[in-house]
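# Sequence first, predicted coordinates after that:
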2 protein chains.
Amino acid sequence: MTVTITAFERSPDGGKGLARDTRVRWALEETGQPYAVRLVSFAAMKAPAHLALHPFGQIPTYEEGDLALFETGAIVFHLAERHAGLLPDDPDARARAIAWMFAAVNTVEPPILDLVTVRIVEGDKPWAAERMPLVVERIHGRLRQLADRLGDAEWLDGAFSAGDLMMVSVLLRTRPSGILDQHPSLAAYVARGEARPAYRRAFADQLAVNTRPAD
Amino acid sequence: MTVTITAFERSPDGGKGLARDTRVRWALEETGQPYAVRLVSFAAMKAPAHLALHPFGQIPTYEEGDLALFETGAIVFHLAERHAGLLPDDPDARARAIAWMFAAVNTVEPPILDLVTVRIVEGDKPWAAERMPLVVERIHGRLRQLADRLGDAEWLDGAFSAGDLMMVSVLLRTRPSGILDQHPSLAAYVARGEARPAYRRAFADQLAVNTRPAD
């Protein structure tokens, strides 16, 4: 059954791989699943046809036969559950890997996304400059806790899992600001993720979309 | 095997049921699982013994034999996967219910939690009053999208699921501010969740903890 995902026609990051389709591409590559990509413009994302797939008008979506899914975490989990390579067999280890998936999007990513709020959404507000260091310090707080837990381990809990895939993807968002490099063990953890052949294929594929000549 | 969860010794909400242990209590009640509660103080949450269970120093945690879990979504999913009552049997419907779990914590809750930032964390900042309407409008935007998808259905996708449990719990956070009541279909959806006997038991149990006399 053909899998089709959606991605930005042009990602706001210009191809840095920070758009969420990269996470789904990565999971598809780790599990060896072929897929097609349908590119959507910002206008099309808010139109009824796309809202039927994604109630919040975002990318990525996932279509496979009669199944339509939204939410990156849910799509990655769906792939991890049906194909080998992203979740351990041991039931307890599997539950812990899922905990890291939720931790990535629910606990680590929200303070990081506040960077977008302070820089872009509220970038023209008089408080933006003064608010920035508060936002940055909250991110550092979370990353310190994460680094404490990671210690000198290679991955968060034993072998590489969907939890690492999600956490590395979330942490990548802190690199352009220089925040990630202030946490060397996390920077090395992210680099291990990026070095995986599946990530490299996913990254190259999203880059090709975002650097192709305009029509 | 005895299940033990952690909860605030005293919840900052004084027993409104907004602390995340209520979500786990609710899932335990829906699936008919007995459990014990260990109360932790704010100081204890940041101490090594608790950080070993929860790397970000929060509640709830979940212990069951050798398994220790953190992240509310992961704990609710663990219960939903092992016991009947929170996930449909049909594989596609199950994947969609999981998508709503992720949507609750990853897409709907972050703008809602910004209310805590603007009111409390940054409540003493000169921009707090001017920033508030921006934060509130972002929440309304998300709730409008959610209401559009819910339509006049009882639950988000067929029968009540762990996705509804998580979404109702997230939406409850918008009630004290009056935001929820501006979306009548969502207010009715939340009321349906609260009317479930399992929710009522979970709510009563957390209320008893938070209204007991001080030592």
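All right, it came through fine.
# quick one: low-confidence parts of chain A?
Applying pLDDT under 70 to chain A picks out residues A:215.
# Can you give the domain ranges for it?
A:3-85+A:198-211, A:91-196 (automatic domain parsing).
# Now do the longest helix anywhere in chain A against helix B:128-150, angle only.
The longest helix of chain A (DSSP state H) is helix A:128-150. Going by axes from the mean of the first three to the mean of the last three C-alpha atoms, to 10 degrees, helix A:128-150 is angled at 60 degrees with respect to helix B:128-150.
# how distant is helix A:128-150 from the center of its chain?
Mean-position distance between helix A:128-150 and its chain equals 19 Å (C-alpha atoms, centre = their mean, to the nearest Å).
# Identify the residues contacting A:Ala99.
A:Gly163, B:Leu69, B:Phe70, B:Glu71, B:Ala74, B:Ile75 (C-beta atoms under 8 Å, 6 or more residues apart in numbering or on different chains). All C-beta atoms are positioned from the backbone trio N, CA, C, and that covers glycine.
# my bad, should have said A:Leu67
A:Leu67 sits in contact with B:Asp92, B:Ala95, B:Arg96, where contact means C-beta under 8 Å, 6+ apart.
# which residues does the first one contact?
Counting by C-beta under 8 Å, 6+ apart, B:Asp92 makes contact with A:Asp66, A:Leu67.
# can you give me phi and psi for A:Ala7?
phi -150, psi 160 (degrees, to the nearest 10).
# And for the one 10 residues further on?
Dihedral angles of A:Gly17 (phi, psi; degrees, to the nearest 10) stand at phi 90, psi 10.
# Need the three-state assignment for the closest residue to it other than its chain neighbours.
Computed as C-beta to C-beta, 6 or more residues apart in numbering or on different chains, the closest residue to A:Gly17 that is not its neighbour in sequence is A:Phe203, at 4.8 Å. Three-state call for A:Phe203 (DSSP: H, G, I helix; E, B strand; the rest coil): helix.
# go on, A:Tyr62?
Going by three-state DSSP: A:Tyr62 is strand.
# So in terms of bridging, what pairs with it?
Beta-bridge partners recorded for A:Tyr62 (DSSP bridges): A:Ile5, A:Leu69.
# wait, isn't it in contact with A:Val24?
Yes: using C-beta atoms under 8 Å, A:Tyr62 makes contact with A:Val24 at a distance of 6.7 Å.
# Quickly list what's touching both of those two.
Joint contacts of A:Tyr62 and A:Val24 (C-beta under 8 Å, 6+ apart) are A:Ile5, A:Ile75.
# re earlier: adding distance to B:Asn210, write the contacts of A:Ala99 out as JSON lines.
Below are these laid out as JSON lines (distance: C-beta to C-beta, whole Å):
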{"residue": "A:Gly163", "distance to B:Asn210": "32"}
{"residue": "B:Leu69", "distance to B:Asn210": "23"}
{"residue": "B:Phe70", "distance to B:Asn210": "21"}
{"residue": "B:Glu71", "distance to B:Asn210": "22"}
{"residue": "B:Ala74", "distance to B:Asn210": "24"}
{"residue": "B:Ile75", "distance to B:Asn210": "20"}
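# Compare those and tell me which is most surrounded.
B:Glu71 (29 neighbours; other C-beta atoms under 10 Å in any protein chain shown).
# tell me the contacts of the closest residue in space to that residue that isn't next to it in sequence?
The shortest distance from B:Glu71 to any non-neighbouring residue, by C-beta to C-beta, 6+ apart, is to A:Phe102 (4.1 Å). A:Phe102 sits next to A:Gly73, B:Glu71, B:Thr72, B:Gly73, B:Ala74, B:Phe77, B:Phe102, B:Val105 when contact means C-beta under 8 Å, 6+ apart.
# switch to 7 Å and redo it
B:Glu71, B:Gly73, B:Ala74, B:Val105 (C-beta atoms under 7 Å, 6 or more residues apart in numbering or on different chains).
# May I have the phi/psi pair for the third one?
Right, B:Ala74. Dihedral angles (degrees, to the nearest 10) for B:Ala74: phi -70, psi -40.
# Okay, A:Ala36 and A:Thr61: tell me how far apart.
Distance check for A:Ala36 against A:Thr61: by C-beta to C-beta, to the nearest Å, it reads 12 Å.
# quick one: which of those two has more around it?
Neighbours per residue, other C-beta under 10 Å: of A:Ala36 and A:Thr61, the larger number sits with A:Thr61, 24 against 9.
# just to revisit the earlier point, work out for me the element the residue nearest to B:Glu71 sits within.
Secondary structure from DSSP states H and E places A:Phe102 in helix A:91-103.
# who in chain A is up against chain B?
Applying C-beta under 7 Å from any C-beta of the partner chain, one finds that chain A approaches chain B through A:55-57, A:66-67, A:69-71, A:73-74, A:77-78, A:92, A:95-96, A:98-99, A:102-103, A:105-107, A:110, A:113, A:122, A:127, A:131, A:134, A:145-146, A:148-149.
# that's a strand at A:Leu39, yeah?
Yes: using three-state DSSP, the assignment for A:Leu39 is a strand.
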